[in-house]
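J.: Pasting a predicted model and its sequence here:
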Amino acid sequence: MKISVDVDCTPEEARRFMGLPDLSSVHEIYVEKMRRTIEEGITPDSISTLMQNWAPMGEASMNMWRQLFDQMGGPSKK
């Protein structure tokens, strides 16, 4: 027997129902920091730091991103 239930609610309502914390203030702070960084100018160091923070697998993931950007940047250098 299979039972399916459709729930029509907003993400906010679902978050409250599941008992998850409200992180909207943290999100707003993070977005504002990103906006300031973009307005002030992005440097290669800031991109490197950002990618390291986002990289779930550390150095292996950084190498993957580096290869991806190298491929997008122009002809491959062999």
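T.: Sure thing, it's come through.
J.: Tell me which residues touch S48, please.
T.: By CB atoms under 8 Å, 6 or more residues apart in numbering, S48 lies in contact with nothing. C-beta coordinates here come from the backbone N, C-alpha and C atoms, glycine included.
J.: distance of it from A14?
T.: Separation of S48 from A14 (CB to CB, to the nearest Å) stands at 36 Å.
J.: On the three-state scheme, D8 is what?
T.: Recorded secondary structure, D8: coil (DSSP: H, G, I helix; E, B strand; the rest coil).
J.: give me the number of residues near it?
T.: With neighbours defined by other CB atoms under 10 Å, the count for D8 comes to 5.
J.: Distance check, it against V26.
T.: 27 Å.
J.: Could you do Q52 as well?
T.: 20 Å.
J.: Which one of those two is surrounded by more residues?
T.: Between Q52 and V26, counting by other CB under 10 Å, Q52 is the more crowded of the two (13 against 10).
J.: what about the nearest residue to the more buried one once chain neighbours are set aside, how many neighbours?
T.: Nearest non-adjacent residue to Q52, counting by CB to CB, 6 or more residues apart in numbering: M62, 6.4 Å away. The number of residues packed near M62 is 15, by other CB under 10 Å.
J.: which strands and helices sit next to the helix or strand harbouring M62?
T.: Assigned by DSSP states H and E, M62 belongs to helix 59-73. Where contact means 3 or more CB pairs under 8 Å, 6 or more residues apart in numbering; DSSP states H and E, helix 59-73 is packed against helix 44-54.
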